[in-house]
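**Student:** Quick one, what's the 3D model for this:
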Amino acid sequence: MFGDLFEEDFSFISNNHCGKGKKSKPRESEPPAPRDFTNLSGIKNQGGTCYLNSLLQTLLFTPEFREALFSLGPEELGTLDDSRKPDAKVRIIPLQLQRLFAQLLLLDQQAASTSDLTESFGWSSHEEMRQHDVQELNRILFSALETSLVGTSGHDLINRLYHGIVVNQIVCKECKNVSERQEDFLDLTVAVKGVAGLEEALWNMYVEEEYFENDNLYRCGACDKLVEASKSAKLRKLPPFLTISLLRFNFDFEKCERYKETSCYTFPMQINLRPFCEQTEMDDSEYMYELFSVIIHKGGCYGGHYHVYIRDVDELGNWQLQFLISLPDGNKVGLKETHKLLFQLDSHGHDLQSPPQKNQVLWNCKKTPPRQKAAAAGCHWFDLNDSKVQPIKEKDIEKQFQGKESAYMLFYRKAQLKRPPEARGNPRYQIPEHLLNEMNAANTELQKKRAECDSANNGIDLHLHLSSCYKFHNGALHPSLSWKESVVDLTIDRRKMLGDLRQAVFQMLESWEGDMVLSVAKPLPAGLHLYQVLDGDELTLDAIGLADGADIFVWNGKEVGGMKVLPGPEHEPVVLNVLRLAEHNEGGKGQHFTESQHVFSCSTSLGQLHAALAPAGGIILKNGSGVEREAKNWELFREEDMKETVRSVGLSDGCSVLILDSHDQSFVNVASGNLTAFTYDISWLQVKNLCGVEEEEKHVKITATIETVRTLLTEQLGHCTWPSSFNLTSGMKEAELKMGSLLGLCRGKAPTSTQVQRCGVEGAWCRAFAKEEEGRKGGMGDNWHLRRLDWCYEAGEALSQEVRGAYFIPRFFAACSVEPFPMDLGRIKSWEFWKCGSQECLFSPPAASPHELLLRVQMAIPGERDYSASRDLVWDISKECTTRALRQTVASHYCLPVDKIEIAKYFPERFEWLPISSWTQQISKRKRRKKQESLQSAPYHLKDGDIIGVKNLLLDDTKDFSTMRDDIGKEKQRQLALEKKKSRQERAQDPFFPEEKLSTKPRKPEVALSINVGVFR
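**Tutor:** You can find the predicted model right below:
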C-alpha cells in the first residue's frame, strides 16, 4: 500500500535502536539482561522493525486478543517441532505469535526477539531492515491471521474483536426513498488536515450530511429522475476494540511532494460514540470507549521511528516514576549513593499515599515498593520503545497531539469490558501449560547462565609472588628463578572476604610456616616493589581495591632472603639514566654521551645521590624537558638543593641526569643554572680530511662547541696550524650547521662571494658550489678551510653539456643576487650538489625512483612543542620498507643510536601524528607475522613528501609529537563541526525549511509489505 514510504531514518533514533547494516547480536558468552524495575519486556529492533514492535506490544496488552490466541491448542495449530515435516499442516504464524507473547509475559529478559516470527512471515534480512507503515502492517497481519486460523475455533478471532460496520445512506427529498450501502471495517481512517481533533473529524464523517442540489442532483431509483437528496454515514455496528488511523501523511498536488501534517490534533481519553451511531436507544455504556494504546511516529514523511504508549489494563507492570532530587543542603543524590530517592506517583502524576517519611520521600534502594492498589488501578501507562520500557504519566499523552513526534494510530476498548480479578497482576493467566513449561525451563537456563556469567565477571585473577622465590638487591625484589616459576595464579570472586583469600593461599601453600603477610606489589622498571599490607579479613576484596591482575607478595612481613625490605611508596625505587660526556676518542661510535642506569630510592637525598655518582667532585644536572619547559632544559642542582629528595625534585623512572666533572663545568652557566652551551651550541659534527690522498682520508665524528672545535680538530686530524682569520662562529650560523652535519677539511682558502661559481643543472633538483679548480697536493700551510659537505651527498661527476636554468648560492659562503645565464659546465673539474632546502626552486623536481622515497624529516626542539627546519631524506626502499629500516635510516641521518630516537608520521589534514614504533607494538601476538609489512600500506601509507618527526630521547624524553599549531588546527576543525551540526539542527527545527532538503540520501523504490501464509482450507 505505502511501500517504502516510511523507510527508516536513523537520525531520529537513539542509541538503543538498531541502525543500518548488520543486525546487532549479543555476545554469545553473555545471557540477555534481566527485566528492569517495570517488570515488562521490550522487543529488539531488527534494524527497521520498530513499527512491528509497536503493533505487537499493542496486541499483547489487548488481553482479550491475547487470551483468544492462547486458547488455540496444539491439536488445532500443530506444533513447531512438526513444522519441518513435509506433510504436516502447521499454522506457524499463530504458533510463533503465541510463543512470543509467552516470552514477553514470562521470560526474564529485557527484550525479546522477533526473528522467529518474521521468519514465519517469510521475510528476509533485507525486509527486516526496511520500515513500513504500521497501519498497513495492521491490516496485513490481521489478514494473515484470519487465513492461518481457517478451520479452527479461532477462525473469527479478528472479526469478533475488531469488526465494525459503517452504513452510507442517500435519502430522496421527494419520495423519501432511502438507498443504503453497508461497509465493513477493521479500522477507521480519519482526516487530520483542517480538523482540530478526533471528535470533530468523526462529526464531519458521521453527523454532517452532504446535499445534492442545484447543478449537482441525484438520480433517484424510485422516482426515476434527478432530484435533490442528502447523503450521510453512520456507525451501524461498533466493535469491542476500535482502531483509528490518523491521516497525518498527505500529498501536496501543487508542490508534487509528500508532507507530514504536524498541526495540533486532540483526542480524548474517553469518548462517547452515541452521536455517530445509527442506533442511539441503548445505554450509554454501550457507546463509551477508553483509550488504551497510542502508536506514535517520530520524524518526517520519508523516515522516522515508531514507539507506543500503552495502558496496562491487567497491571502486569510495576509502575513507578523515579526522580533524582536535590537535598535541602543543595547536594544531589547520585546513582552511586547508598540510597536512592524514589517518588511514587499515580498515573496522573499525583503522589500516592506512602508510609510516613521525612519530607514525604521514600528512601529505598533495593526493595521494590509494593504495587499500589489505588483508585487509579488499571490506569498505569508505559512507553514501550523497542527494548526500552519506562513508565509515563497520563498527561504525557497530551504531548503527542502535535509536532514531528505525534500520535499516528489510536486504540480504544469498550468501557464495559471488565477484567476478571484473577487476571490482575498475573502474567501466567490463561497461558497454555506447554508454554508455561517451556518458559520455566528457559528461565532456569537463563538463571544458570547469569550465575556463571556473574561469577566470571566478578572473578579476578591474582598473581601471587612467593618470597622464597625472590631476592632483594639494588633496591627492589627480583625473581631468583624464572618469572613463571616465581608466580602462582589464583582466581577468586571479588565479593569474597580478605579472610577467604588468606585461607585460599594457605591451602595452596601447604608447606608454609610462620606468619603470612599479604602485601600489594607492583612491577616497576627497577623490579618488584611492595606497598600496603592487606589487613581487615572482614572486608571484601572489592572494598579493599584489588583489581583483576593485581600482584600480591606473600612473605613474613619483615625480610626476604635475609635482607630487610622497606615497603611503601616512600621507598619506591627509581631508575635514573646517568649521562656523562663521552671521551673524544669515543666519538667514532657516533654517541655524544655515555649512558648508564642506576637505581635509587625516591627518598634518597640529592647529597647521597651526588656522593654515589660523583664521588670525586663535579656537578649534577637534571633534564627538565616537558611541554611547559623552555629550551634551556638542563637544570643544575645547587648546593642548597642537596637536602631535597629524589621525589621532591621531580626525578622519576626514566629521567636523565648529567654528571659533569670539573673540567666540563665550563659548559654551565652557574648563575642561571642552565646548560646553555648544550642547548644552543653543542652539536655532533662529522669532519672528513680531504687534504691528503684518497687512501689517507680520515673520517671522524666529534663532539664540538665553538670554543673547542679547533682543539678537537687538531687532536683528531693531526693539524695544529689554524688561520688567524678563521671565524667558526659565523661560519656555523651561515652554513646552518646542525647536529650530525658533515664537514670537509679542504686545501686552499675558503671561496669568497665573488669566487662562487653559478651553475644550473637541467632536470635536477639541486644546488651546487665548486671546489677551487687550482688545489695543491702538497702541504697546506695556512691555505685550508672547513667546508660543509652534506648539502646533499658525495660530489657528482663533471657535467659537460651547456644548460640553462636558475641557480642558487649556498649561504655557507655568501649571499648575493645572480641572474641565470648559459654556462659550459665542462670547464669545472668537480661539483658538489645538494637539494633545495628552505630556498625556493625555480624548476620542477624529477620523478622519484620507484625504489626510493623522498621524506621530509624534522627534529623536535627539546623542551618546546616545535620542530627545527625540515630536511630532505631519500630513503632506499629497494630491500625493505619496514619500521626497522626507516628507524635505522633516520638514526644514521642524525648520527644517533637507533634506540634513542622516536619517529612519527604527520597527517596535516587531521593535525595528528602517528608514532612509527616497532611492529610488535602495533599488532597482537596472535596476528604477529613472520615478515614485517611495508610502511606503504595501512596504517601509515608512506609516500613521497610525507613529514616525519624525530625525537632525540637523549635530550627529550616526552612522547608527544604534537605542536601548538596542531592544537589550534584541531580546535578549528571541532568548531567547524559544531557549527555544521548546529546549522543542521536549526534547519530540522525550522517548519518553513523544505523537508526534502534535509534528507540527502536517495530514496529506494517502494516495495509493498506482504506476509506469506500457507493454505489451510
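
**Student:** Now do the same for the residue nearest to Leu1009 when sequence neighbours are not counted: its pLDDT.
**Tutor:** Nearest non-adjacent residue to Leu1009, counting by Cβ to Cβ, 6 or more residues apart in numbering: His132, 4.5 Å away. For every residue, glycine as well, the C-beta is placed using N, CA and C. We have a pLDDT of 84 for His132.

**Student:** Need the three-state assignment for His132.
**Tutor:** coil (DSSP: H, G, I helix; E, B strand; the rest coil).

**Student:** That one and Val171: what is the separation?
**Tutor:** 41 Å (Cβ to Cβ, to the nearest Å).

**Student:** swap in Lys44?
**Tutor:** 54 Å.

**Student:** And for Leu978?
**Tutor:** Applying Cβ to Cβ to Leu978 and Val171 gives a distance of 66 Å.

**Student:** same check, this time on Asp876
**Tutor:** In terms of Cβ to Cβ, Asp876 sits 101 Å off from Val171.

**Student:** Now do the same for the helix or strand where Leu161 lies: mean pLDDT, whole number.
**Tutor:** For Leu161, the host element (DSSP states H and E) is helix 157-162. Regarding helix 157-162, the rounded mean pLDDT is 95.

**Student:** next structured bit after that helix?
**Tutor:** strand 164-172.

**Student:** Please spell out which residues along that following strand are buried.
**Tutor:** Gly164, Val166, Val167, Gln169, Ile170, Val171, Cys172 (16 or more other Cβ atoms under 10 Å).

**Student:** what angle do the following helix or strand past that strand and strand 164-172 make?
**Tutor:** Per DSSP H and E, the first helix or strand lying C-terminal to strand 164-172 is strand 178-185. Strand 178-185 and strand 164-172 are oriented at 160 degrees to each other (axes from the mean of the first three to the mean of the last three Cα atoms, to 10 degrees).

**Student:** So in that sheet, which strands flank strand 178-185, and in what orientation?
**Tutor:** strand 164-172 (antiparallel) (DSSP bridges).

**Student:** worst-scoring helix or strand of the chain, pLDDT-wise?
**Tutor:** Across the helices and strands of the chain, mean pLDDT, DSSP states H and E gives its lowest value to strand 362-363, namely a mean of 30.

**Student:** what lines up beside the helix or strand that comes right after that one in the sheet?
**Tutor:** Once the chain leaves strand 362-363, the next helix or strand it forms, by DSSP H and E, is strand 381-385. Take DSSP bridges as the rule and strand 381-385 pairs in its sheet with strand 303-311 (antiparallel), strand 388-392 (antiparallel).

**Student:** Adding distance to Leu914 and mean neighbour count, write those out as a markdown table.
**Tutor:** A markdown table is the format used below for the strands paired with strand 381-385 (distance: least, Cβ to Cβ, whole Å; neighbours: other Cβ atoms under 10 Å):
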| stretch | distance to Leu914 | mean neighbour count |
| --- | --- | --- |
| strand 303-311 | 38 | 24 |
| strand 388-392 | 39 | 19 |
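
**Student:** So which elements touch the helix holding Leu161?
**Tutor:** The contact analysis (3 or more Cβ pairs under 8 Å, 6 or more residues apart in numbering; DSSP states H and E) places helix 157-162 against helix 63-70, helix 134-148, strand 241-247.

**Student:** Go through those and name the closest to Trp913.
**Tutor:** helix 134-148 (51.3 Å; Cβ to Cβ).

**Student:** Identify all contacting residues around the closest one.
**Tutor:** Applying Cβ atoms under 8 Å, 6 or more residues apart in numbering, the contact partners of helix 134-148 are 1-2, 51-52, 54-55, 91-94, 97, 121, 155, 157-159, 162, 186-187, 189, 243, 245, 295, 297, 306, 408-409, 1009-1011, 1013-1014, 1016.

**Student:** Mind giving me the PyMOL select for those residues, buried ones only?
**Tutor:** Applied in PyMOL, the following selects the buried portion of those according to 16+ other Cβ under 10 Å:
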select buried, resi 51+52+54+55+91+92+93+94+97+121+155+157+158+162+186+187+243+245+295+297+306+408+409+1009+1011+1013
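
**Student:** Extract the C-alpha trace of stretch 58-78 and format it as CSV.
**Tutor:** Extracted C-alpha coordinates of stretch 58-78, given in CSV (Å, rounded to 0.1, in the frame of the first residue of the first chain):
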residue,chain,number,x,y,z
THR,A,58,-0.5,-3.2,21.5
LEU,A,59,-1.9,-6.7,20.7
LEU,A,60,-0.1,-8.2,23.7
PHE,A,61,-1.7,-5.6,26.0
THR,A,62,-5.1,-6.3,24.5
PRO,A,63,-6.0,-9.1,27.0
GLU,A,64,-8.9,-10.4,25.0
PHE,A,65,-6.9,-10.9,21.9
ARG,A,66,-4.0,-12.5,23.8
GLU,A,67,-6.3,-14.9,25.6
ALA,A,68,-8.2,-15.8,22.5
LEU,A,69,-4.9,-16.7,20.8
PHE,A,70,-3.7,-18.7,23.8
SER,A,71,-7.0,-20.7,23.7
LEU,A,72,-5.9,-22.4,20.5
GLY,A,73,-4.1,-25.6,21.4
PRO,A,74,-1.6,-27.8,19.5
GLU,A,75,-4.5,-30.0,18.4
GLU,A,76,-5.7,-27.2,16.2
LEU,A,77,-2.5,-25.3,15.3
GLY,A,78,0.0,-28.2,15.4
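
**Student:** who's in contact with it?
**Tutor:** With Cβ under 8 Å, 6+ apart as the criterion, stretch 58-78 contacts 88-91, 94-95, 97-98, 101, 104-105, 149, 152-154, 157, 160-161, 240-241, 292-293, 295, 308, 310-314, 411, 413, 417, 419, 423, 429-432, 434-435.

**Student:** same check, this time on stretch 953-968
**Tutor:** 579, 592-593, 595, 623, 625-627, 633, 654-656, 860, 862-863, 865-867, 896, 900-902, 904, 906, 911-913, 915, 949, 951.

**Student:** for stretch 532-549, same thing?
**Tutor:** 460-463, 492-499, 501-502, 517-520, 552, 557, 567-568.

**Student:** From those, which land in strands?
**Tutor:** Cross-referencing these against strands under DSSP state E gives Ile460, Asp461, Leu462, His463, Ile492, Asp493, Val517, Leu518, Ser519, Val520, Ile552.

**Student:** Identify the farthest-apart pair in those residues.
**Tutor:** The widest separation within those (Cβ to Cβ) is 22.4 Å, between Asp493 and Val517.

**Student:** which stretches of the stretch 401-550 of the chain form strands?
**Tutor:** 405-414, 459-466, 470-473, 476-479, 487-493, 517-524, 527-533 (DSSP state E, counting those that start in this stretch).

**Student:** Can you lay out these as TSV showing mean pLDDT and distance to Ser934?
**Tutor:** Formatted as TSV, the strands of the stretch 401-550 of the chain follow (pLDDT from 0 to 100; distance: least, Cβ to Cβ, whole Å):
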stretch	mean pLDDT	distance to Ser934
strand 405-414	95	53
strand 459-466	90	38
strand 470-473	90	44
strand 476-479	91	39
strand 487-493	90	39
strand 517-524	92	35
strand 527-533	92	39
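
**Student:** nearest to Gly607, of these?
**Tutor:** Of all those, strand 476-479 sits nearest to Gly607, with 22.3 Å by Cβ to Cβ.

**Student:** Mind listing what's buried along that closest one?
**Tutor:** Buried residues in strand 476-479, counted by 16+ other Cβ under 10 Å: Ala476, Leu477, Pro479.

**Student:** so the closest residue to the first one other than its chain neighbours bridges to which residues?
**Tutor:** Put plainly, it is Ala476. Once flanking residues are discounted, Ala476 sits nearest to Gly527: 2.8 Å by Cβ to Cβ, 6+ apart. With DSSP bridges as the criterion, Gly527 is bridged to Leu524.
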